[in-house]
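**Student:** what follows is a predicted protein model with its sequence.
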Amino acid sequence: MMPPLDFTTLPLPAIHFGDGRFSMLAELARSFGKSVLLVTGGHTLQNSGRLSALEDALGERGVKVFHQVAEGEPSPELVDLAVSRWKGEGISSVVAAGGGSAIDAGKAISAMMPQSLPAERFIEGRPGFLPHDGRKLPFIAVPTTSGTGSEVTNNAVISRVGPEGFKRSLRHPSFVPDIAVIDPELMITASRELTASSGMDACTQLIEALTSPLATPYTDAVAKSGLERFSRSFIAVCSGRGDESALRGDIAYGALMSGIALSNAGLGIVHGFASSVGGLFDIPHGVLCATLLLEATRENINCLQHLDPKHPMLDRYAIAGRILSGSAESDIADGCSRLLETLEEWQELLGFPRLRKFGIVPEDFERIAALTRSKTNAVDLDHNSMQRILSSRW
């Protein structure tokens, strides 16, 4: 019997996916008006010549172009500075092209342009928090990495790093981009390290959505589809083997599916750590996911087995293990073991850095655990479990 379902599917942008889709961007932006703010990271589009080509294509269509660089994860100060700088220019739309941080910056700038208060007032969990009213400028997301899935999510992650730092979201259903342009050719120049870390972010999101207590048949189908495409190309693209464009297409598809899945099912303990650790220490989001995924998955599986060797959530980890290892025939215990073995192989092959590299010391673990929340983790982890995960990757 089909179980009852209670879930709300967030709206999706108009998605244009495939090689060469970047060429559509100028015309798509023109459909929103005659002025556009381009938000980019610091290097990828500029160095490839695509930024100047896009500016020329927009100019040919009579669109006035303004450009904001957003390097690193966006802070509320960066968002406020950009809004104050460009608010009087009559911007018709915002186009963000870059990694997840650039897209989050563009998403936040789009959301704050119609507002009079600073961005921090609308960030979840901050003092004086106010719900956002959802007004924004039309927004187009163009990822140049395959990781966060921010091109289809309704939140922008904003952070301020330091002893009293935070990493939280500016969120509203209307913040889902109006259009997402996903062109795997934009990702070919990404370094091996960036490809690996951003890819592991997508992988983490797919596994955490699949094993979420809020998972549904819809999110299961999306997450499994993403894992299947991701698993067949991830190591090959990190190793420089095979048809580069086809491999990048698979990873980009996996990231896209991860964004859709997490928007409806939530995420687990690795992304709980991303919020707490990311506010205290300057560690790239994808790197943190990459270095914690194996040990977090191991701890989750061990806790579930302790609760009940036949816990239904173990079957979900086994499904992920079968997909990532390419082993269709295995029982639940074997599937879970294959998942851990595959993640361990990837960790060793790709050399994910340990936490100590970023200034984290064991004395920080208790505070990190106290700050970490994850309502949609596969199992409720206590502080000892959280500290074991951190200790294992120190």
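**Tutor:** That came through fine.
**Student:** residue ranges of the helices in the protein, please?
**Tutor:** For the chain, the helices defined by DSSP state H cover 25-30, 44-48, 50-60, 76-86, 100-112, 192-210, 217-239, 244-265, 269-280, 285-307, 312-325, 332-350, 365-371, 383-392.
**Student:** ok, which of those helices comes nearest residue 184?
**Tutor:** Closest to residue 184 of the helices of the chain, according to Cβ to Cβ: helix 244-265, at 3.9 Å. Bear in mind the C-beta positions are built from the backbone N, C-alpha and C, glycine included.
**Student:** which of the residues in that closest one are buried?
**Tutor:** Using 16 or more other Cβ atoms under 10 Å as the test for burial, helix 244-265 gives 247-265.
**Student:** show me where pLDDT drops low in the stretch 201-350 of the chain?
**Tutor:** Along the stretch 201-350 of the chain, the parts satisfying pLDDT under 70 run over 242.
**Student:** in JSON lines: the helices of the chain, plus distance to residue 140.
**Tutor:** As requested, these are exported to JSON lines (distance: least, Cβ to Cβ, whole Å):
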{"stretch": "helix 25-30", "distance to residue 140": "6"}
{"stretch": "helix 44-48", "distance to residue 140": "14"}
{"stretch": "helix 50-60", "distance to residue 140": "11"}
{"stretch": "helix 76-86", "distance to residue 140": "16"}
{"stretch": "helix 100-112", "distance to residue 140": "8"}
{"stretch": "helix 192-210", "distance to residue 140": "20"}
{"stretch": "helix 217-239", "distance to residue 140": "22"}
{"stretch": "helix 244-265", "distance to residue 140": "15"}
{"stretch": "helix 269-280", "distance to residue 140": "25"}
{"stretch": "helix 285-307", "distance to residue 140": "22"}
{"stretch": "helix 312-325", "distance to residue 140": "32"}
{"stretch": "helix 332-350", "distance to residue 140": "32"}
{"stretch": "helix 365-371", "distance to residue 140": "34"}
{"stretch": "helix 383-392", "distance to residue 140": "37"}
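**Student:** from these, which stretch is densest packed?
**Tutor:** Mean neighbours per residue, mean count of other Cβ atoms under 10 Å, is largest over the helices of the chain for helix 100-112, with a mean of 30.
**Student:** tell me what angle it forms with helix 285-307.
**Tutor:** Helix 100-112 runs at 100 degrees relative to helix 285-307, counting by axes from the mean of the first three to the mean of the last three Cα atoms, to 10 degrees.
**Student:** helix 100-112 versus helix 76-86: what angle between them?
**Tutor:** Inter-element angle recorded for helix 100-112 and helix 76-86: 60 degrees (by the same axes, to 10 degrees).
**Student:** report all helices and strands that helix 100-112 contacts.
**Tutor:** Packing contacts for helix 100-112, counted by 3 or more Cβ pairs under 8 Å, 6 or more residues apart in numbering; DSSP states H and E, involve strand 35-40, helix 76-86, strand 93-98, strand 139-143, strand 155-160, strand 166-171.
**Student:** select, out of the ones you listed, the one closest to residue 387.
**Tutor:** Closest to residue 387 of these is strand 166-171 (Cβ to Cβ; 19.6 Å).
**Student:** show me the contact partners of the closest one.
**Tutor:** Outside strand 166-171, the residues that touch it by Cβ atoms under 8 Å, 6 or more residues apart in numbering are 73, 107-108, 111-112, 119, 122-126, 132, 154-161, 274-276, 278-279.
**Student:** confidence score at residue 3?
**Tutor:** If you check residue 3, the pLDDT there is 54.
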